[in-house]
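>>> Show me the folded form of this:
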Amino acid sequence: MLKVQSADFTAGTVVTGKCLLCSVTIISNNAVDATITVYDNTAASGTVLHADSVAFENSAKTVTFPHPISANNGLHFAITGTGANGNITYSTSGY
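Residues are numbered from 1 along each chain as shown. Alright, predicted model coming up:
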């Protein structure tokens, strides 16, 4: 059974090492479109695990992965859009 954890973020590394990405939510500031890129890394480079966007008029978008995405090096997020932020759920167990 997976032990799922949650983290809010504006950008940066959320977890280091092996983990599973379970869901991603991106939230705009209701004035500017927002984009997110999730990397299997501790920096904004390397393998892209997920990329998405949300239009400002939609406020937020959540993607839940029925089969969590495996990361070997950690989870790092890059967000564009003034005032945008997000939330993820992930697990460091289940390998």
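>>> who does the most centrally placed residue in the chain bridge with?
For the chain, the residue nearest the mean C-alpha position is residue 24 (4.6 Å; Cα atoms, centre = their mean). Counting by DSSP bridges, residue 24 is bridged to residue 63, residue 88.
>>> correct me, but it touches residue 79?
No. Contact criterion Cβ atoms under 8 Å: residue 24 and residue 79 do not qualify, at 10.7 Å. For glycine as for every other residue, the C-beta is placed from the backbone atoms N, C-alpha and C.
>>> Name the residues contacting each of these two.
36, 86 (Cβ atoms under 8 Å, 6 or more residues apart in numbering).
>>> For the lowest-mean-pLDDT helix or strand in the chain, buried residues please.
Least confident helix or strand, the chain: strand 4-9 with a mean of 83, by mean pLDDT, DSSP states H and E. Neighbour-count burial for strand 4-9, counted by 16 or more other Cβ atoms under 10 Å, picks out residue 9.
>>> Same check on stretch 70-81?
Under 16+ other Cβ under 10 Å, the buried positions of stretch 70-81 are 71, 73, 74, 75, 76, 77, 78, 79, 81.
>>> before we move on, what about stretch 23-36?
Using 16+ other Cβ under 10 Å as the test for burial, stretch 23-36 gives 23, 24, 25, 26, 27, 28, 33, 34, 36.
>>> out of the residues you listed, who's nearest residue 66?
Lowest distance from residue 66 to those (Cβ to Cβ) belongs to residue 23, with 10.2 Å.
>>> my read: that closest one touches residue 66, true?
No. Counting by Cβ under 8 Å, residue 23 stays clear of residue 66, with 10.2 Å between them.
>>> And the buried residues of stretch 23-36, which two are furthest apart?
The largest separation in the buried residues of stretch 23-36, counting by Cβ to Cβ, is between 23 and 33 at 20.6 Å.
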